[in-house]
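[1] Structure of the sequence below:
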Amino acid sequence: MRRLHPLPLLASFALLALVVAPVNAQYPSGGMGGRMGGGMGGGMGRGGMMGRPGRMNLPTPDEIEGPPTPAAMDQVVTFHDNQADEYAQAYTAHMDSTQQVRDSLRSTMRAMRGSFQRHDRGAAHAQAEAVQHSWKELSKQDKEFEKALKNILDKDQLKQYKQWRDDQQKAAEQERRDRMRQQFGGRS
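    Residues are numbered from 1 along each chain as shown. I've put the predicted structure just below:
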């Protein structure tokens, strides 16, 4: 009987972990009610696989949810005068225009997880490509929303917001690493 060497098997598990773990990610919502996660396209919640060579460009669940709700944002920065109304209007318009894509991404991500669980790599790969394509477009829109915050918030508020966002990114990345270690027993 031929004995299998453990290194190729471990390498296969590691490769699978690079694809599956972010797909299964369930990042916390931040505990403040509403959408508080790392989530706004492209640069905000890098717990997913963005920007890494040879990896899928998949969003985290918080990124799919989009920017913080007005109530959540009010806990990140202290609004002055009519800023809360301005943010709420911008947020509502942005979410209305992107809701269909967000719903589609959520559905495709669920289907992709199901395909992985059924070990249907072909279907999972096709679904991941669809997610990647939709996410690329949505993340551009989310980045534009974030850029427009300079028209609503003052410099100190923008600084507070960016610090909060960076903290959310770090926490999401640490959670991803911890989950990888837990699932695969080693460094990630």
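[2] residues near the spatially closest residue to V77 that is not a sequence neighbour, how many?
    In space, and not counting its chain neighbours, V77 is closest to Q157: 4.2 Å by Cβ to Cβ, 6 or more residues apart in numbering. Yep, even glycine has a C-beta here, placed from its N, CA and C like the rest. Here the number of neighbours of Q157 (other Cβ atoms under 10 Å) works out to 19.
[3] just the helices in this structure please.
    Counting by DSSP state H, the chain has helices at residues 6-23, 61-65, 70-76, 83-117, 121-148, 155-184.
[4] Reformat these as CSV; add mean pLDDT.
    Listed next are those as CSV, based on pLDDT from 0 to 100:
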stretch, mean pLDDT
helix 6-23, 41
helix 61-65, 87
helix 70-76, 94
helix 83-117, 95
helix 121-148, 93
helix 155-184, 86
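[5] deepest of those, which one?
    Burial of the helices of the chain is given as mean neighbour count (mean count of other Cβ atoms under 10 Å); helix 61-65 ranks first at a mean of 26.
[6] Now the phi/psi pair for D154, please.
    The phi and psi torsions at D154 (degrees, to the nearest 10) take the values phi -80, psi 180.
[7] Distance check, it against V77.
    As defined by Cβ to Cβ, to the nearest Å, D154 lies at a distance of 9 Å from V77.
[8] Show me which of these two is the more surrounded one.
    V77 (22 against 12).
[9] Q160 is in contact with the more buried one, correct?
    Yes. The pair V77 / Q160 is scored as a contact, 4.9 Å apart, by Cβ atoms under 8 Å.
[10] distance of the residue nearest to V77 from T78?
    Look at Q157 and T78: by Cβ to Cβ, they are 8 Å apart.
[11] same check, this time on Q169
    Distance from Q169 to T78, by Cβ to Cβ: 22 Å.
[12] Repeat that for T98.
    For T98, the distance to T78 (Cβ to Cβ) stands at 27 Å.
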